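S.K.: Could you work out the structure for the sequence below:
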Amino acid sequence: MEIINFRILTITDIVLLASLSIVFIMQIYYLLRYYLKLARHRDDDPIPNSNRISIILSVRNEEQHIREILDKFKEQQFEDYQILVINVHSEDNTDGILNALAETNPKLKVTTLSQETQFSEKQIINIGLKGASSPLIILLTSSTGEIKPGWLSNMSGLLEPDTDLVVAYTNIERLRGFRNLICRLERFNQFMISGAWTLAGKPFVFNENNVLFKKTMYFDTLGFRHKMNRNFANLELIFNENMKKGRVKITTNPDLAIREHIEDDRGDHIRLLKKGVQIRQSLSWAKKISLFMDDVTRILLPGLVAAVIILHPEYWITFSVVPLIYLILLAIIVKMLLKRLNERKIFLSSFVYILIKPILNWWFFWSMYLIHRRNRWN
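M.R.: Prediction:
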C-alpha cells in the first residue's frame, strides 16, 4: 500500500480527497449508528398485558380459504382478542360461511360491505376501526401465512403504557421466480431502513400490517381526513405523522414475523416502490434530509473512489481499501439481520439490492413528480 504524497496534490485532488473522506465517514456513521443497532437489537422481555386486541382482516371471495384463514388464530396463547372480518362485497359464499362461523365463535365479528358501493382501502380500514371493540388494533391481510402460537401474546407484552406501536417484520413467502425475489428484497430493505431509523430516534414505518397500535392514534388525529387521495399508503401515513421518539418498539423476533402468500404479480414491486417514495415524501424534513444523505453518500462513495483512482492510479491499492471496508461492514450487518429475522436465501441479492436502492428511489421520485406535474397542467 503506497503512502500518499500530499505535497504534489493539486486543489482538485484535495477537494476530491476531502469529499471522499466526508462521504466515507458519513456512510460508516450510518452503518454503525443506524443499521448495526438494528442488526444487534434484541426485544425486551414481554410483560403480560390484559388489554383486549382487535385483529382487523378484510377478505373478498375467500369461500375456499376462509376457514383455513380463521383456523390460524385458534392456537393463540393470548385469549382476550377479537377477529373483525370485513367482507368486501364478495361474489361467492364467503358471507354465508362467515356468518355461520360467527354463530359458534364468540371471538369472531363480521361486517359485510354491499357490492353496490365501492369502498377504497382507507374507507374499509376506517369501518374496521370504528367497528373494533378493543383499544388495541392489529391489521392483517387474508394472504397471511403461518402464525405462531405466541404471536399475539408477545406482541401485546411488548406494548407498555408509554408505547404507542409495536412494529414487527412482514414479508412474503418464498416462491420461485424473479418477481417474488425482488418483492422480498424490497420489503426486507424497507424494514431495515424504518427499523434502523426508529431505533435511532427517528421513527417511521413502511408497512401497516403486523403493527400493534393504540386505536386512539387514529381517532385523536381525525383519521384519514386530508389523506384520502394518497393512493399507495394508508395507516402508514397516520403512524408516521404521530409517532414520537421513545414510544415505538421494533421487534426482530422471527416468531412475531408474518409472511404473506402472494401470487406472482408483475406490478407488486412497482407498487412497493411507489408506496415507499410516497411515504418518504410525507415524513418530516429532518427524516427526509437524513434519508437523503444516506442515499446520496451511498451513491457518491464508489464514484469518488473511482475518480481518485483514475487521477492517481499509483494509489489504487490505498483507495481500494475505502470501499472494501464499507462493503465488509455492510455485508456483516445484512447477514446479522437476515439471520435474526430468519430470512433465508437472499443474502447476496439483498446485499446488491441495498447498494442500488438509492438509484431506484430517485428514479421513482422524479418519475412520480413529473407525472404529478403533467396531470396538474392537463
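S.K.: Convert stretch 49-67 to CSV, retaining C-alpha atoms only.
M.R.: The C-alpha trace of stretch 49-67 is given here as CSV (Å, rounded to 0.1, in the frame of the first residue of the first chain):
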residue,chain,number,x,y,z
ASN,A,49,-50.9,-7.4,29.2
SER,A,50,-54.6,-7.8,29.8
ASN,A,51,-55.8,-5.3,27.2
ARG,A,52,-58.1,-6.6,24.6
ILE,A,53,-56.9,-6.7,21.0
SER,A,54,-58.9,-6.5,17.8
ILE,A,55,-57.5,-8.1,14.7
ILE,A,56,-58.9,-6.5,11.6
LEU,A,57,-58.9,-8.6,8.4
SER,A,58,-60.5,-7.7,5.1
VAL,A,59,-61.5,-10.5,2.7
ARG,A,60,-63.1,-10.9,-0.7
ASN,A,61,-64.2,-14.1,-2.5
GLU,A,62,-62.4,-16.3,0.0
GLU,A,63,-65.1,-19.1,0.1
GLN,A,64,-62.4,-21.8,-0.4
HIS,A,65,-60.0,-20.5,2.2
ILE,A,66,-61.9,-18.5,4.8
ARG,A,67,-62.0,-21.5,7.3
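S.K.: Of all the residues in it, which ones are buried?
M.R.: Using 16 or more other C-beta atoms under 10 Å as the test for burial, stretch 49-67 gives 49, 52-59, 61-63, 66. C-betas here are computed from N, CA, C, even on glycine.
S.K.: Kindly report the same for stretch 279-291.
M.R.: 279, 280, 282, 283, 287, 290, 291.
S.K.: which residues touch it?
M.R.: For stretch 279-291, the external contacting residues (C-beta atoms under 8 Å, 6 or more residues apart in numbering) are 193, 197, 202, 204, 206, 230, 233, 236-237, 240-241, 361, 365.
S.K.: wait, which of these is closest to residue 42?
M.R.: residue 197 (18.4 Å; C-beta to C-beta).
S.K.: okay, now that closest one: neighbour count?
M.R.: Neighbourhood size, residue 197 [other C-beta atoms under 10 Å]: 22.
S.K.: doesn't residue 206 make contact with it?
M.R.: No: contact between residue 197 and residue 206 fails when scored by C-beta atoms under 8 Å: they sit 10.5 Å apart.
S.K.: which ones among the buried residues of stretch 49-67 are found in strands?
M.R.: Mapping the buried residues of stretch 49-67 onto strands (DSSP state E) picks out 53, 54, 55, 56, 57, 58, 59.
S.K.: Let's have those residues in CSV, adding distance to residue 330.
M.R.: Formatted as CSV, those follow (distance: C-beta to C-beta, whole Å):
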residue, distance to residue 330
53, 37
54, 40
55, 37
56, 37
57, 37
58, 38
59, 40
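S.K.: Mind putting those into CSV with pLDDT and distance to residue 81?
M.R.: Formatted as CSV, these follow (pLDDT from 0 to 100; distance: C-beta to C-beta, whole Å):
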residue, pLDDT, distance to residue 81
53, 95, 5
54, 95, 7
55, 96, 6
56, 96, 11
57, 94, 12
58, 93, 17
59, 92, 18
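S.K.: Among the buried residues of stretch 49-67, which one sits closest to residue 269?
M.R.: For these, the nearest to residue 269 is residue 58 (22.4 Å; C-beta to C-beta).
S.K.: shouldn't the closest one be in contact with residue 128?
M.R.: Yes: counting by C-beta under 8 Å, residue 58 does reach residue 128; the two are 7.1 Å apart.
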